[in-house]
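Enquirer: Quick check, what structure comes out for this input:
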Amino acid sequence: MITSHAENSAPARLAATLLAAGLATLALVAAGPTAAGPFQQVVAKKKIIVQAAPADQPVVAKKVVVAKRAVVNANGNLINQRLVQQGKPLVYAELLFARGVCKLDQPTLAKIYADSGKALEETADKLAQGQVRRGGLRLFPDAAAVLRHELAAVFKKHLTADQYRIYETESARRDELRRRAGARFLVDCIDREVSLSAEQKARISETLDKNWDGGWTLCLEYLLLGNSYFPSGVDPYVTPELNQAQRAVWQSARKVQFGLSFGPNWGGNGQPDPIPALLGIETKEEVAERESVVKKQAAAAEARQKRLAEMLKRTADAEKAAAKAQGTAGAKAAAQK
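Expert: Below you'll find the predicted structure:
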């Protein structure tokens, strides 16, 4: 590249450098010269450092590519950690459900509990890595259903054939009741928005029940908390049943599709793990607290022993000093005689 003498002058180079710094701060990318004079840009930890190139070197246009942070394993990724925390109450609920319907004894429940943590971490990893797909497309699926599917494999491993058959039967009944209750509650929420007639409510309820998506449950929980977030997937089953006035209102309602989540604020309030109490075992927190108490007690005992030793030493030193003083006084008295 050919540059003129004016382009390599000190004022021109300084102006180009300052201009480059301003553009870099706004755009956070390195580009070619936007004014006379060569310069270079270096991106380091989201900071732009503009350096003037030597006068005898040509201008080089560089493009900075900011790499996206890769998703790593369940122990190192924030998404995985959030999903693990959110999923813990679901794991507890599923274990208690299986304990009730299958009449599990403590040894069997203990084996299932030991494997449930790994199942939760693997589920979180699959969800975060986008391994849950349908027709080749990455989805934001019903995370709770994916977790229950993984836990079912743990149950099948430890339950007898009869117990697992009971678990499957009762799980299917529970899913059916959850679907019916969800559809009815969602129609009630829609009714509060657009004032449905009895016939409209019946038709929409039937349609939603037949086409229910478990992922809509997350929106139901937000609706239960007072938020007006309707699942976007219900719109094709609702709009055809509305009149023109109702459609105008329904179009203004917020319809959303949430990302990966087991539920609003689940697992984030430090809920205690109920399973160890049923099994009569200590949680990690309880073990840590007990060990802390033992350490404090040992430190207190050591401090008492140290104080006692110091007191005995002071007493012994005082006795020696008194004996020495008495001996000195006796020697003086004998000398005077």
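Enquirer: what's the pLDDT at the nearest residue to residue 274 once chain neighbours are set aside?
Expert: Spatial nearest neighbour of residue 274, excluding adjacent residues (CB to CB, 6 or more residues apart in numbering): residue 92 at 5.7 Å. The C-beta positions use only the backbone N, C-alpha and C, and glycine is treated the same way. Looking at residue 92, its pLDDT reads 90.
Enquirer: Kindly report the same for residue 307.
Expert: pLDDT, residue 307: 91.
Enquirer: give me the number of residues near it?
Expert: The number of residues packed near residue 307 is 10, by other CB atoms under 10 Å.
Enquirer: just residue 202 next, same as before
Expert: Using other CB under 10 Å, residue 202 has 13 neighbouring residues.
Enquirer: elements contacting the helix or strand containing the residue nearest to residue 274?
Expert: Per DSSP states H and E: residue 92 is located in helix 78-102. If contacts are counted by 3 or more CB pairs under 8 Å, 6 or more residues apart in numbering; DSSP states H and E, helix 78-102 sits against helix 106-128, helix 143-158, helix 161-194, helix 275-279.
Enquirer: Can you name the element that comes right after the longest one?
Expert: Beyond helix 161-194 in the direction of the C-terminus, DSSP H and E gives the next helix or strand as helix 198-210.
Enquirer: For that following helix, which outside residues touch it?
Expert: Outside helix 198-210, the residues within contact range by CB atoms under 8 Å, 6 or more residues apart in numbering are 179-180, 183-184, 186-187, 190-191, 196, 234, 237-238, 241-242.
Enquirer: if you set the cut-off to 10 Å instead, what comes out?
Expert: For helix 198-210, contacts defined as CB atoms under 10 Å, 6 or more residues apart in numbering pick out 176, 179-180, 182-184, 186-188, 190-191, 194, 196-197, 216, 233-234, 236-238, 240-243, 246.
Enquirer: Give the buried subset of the residues you listed as a ChimeraX selection command.
Expert: The ChimeraX selection below is limited to those of the contacts of helix 198-210 classed as buried (16 or more other CB atoms under 10 Å):
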select :179,182,183,186,187,190,194,196,216,233,234,237,238,241,242,246
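Enquirer: Let me know whether residue 94 touches residue 147 as I believe.
Expert: Yes. Between residue 94 and residue 147 there is a contact under CB atoms under 10 Å: 7.9 Å.
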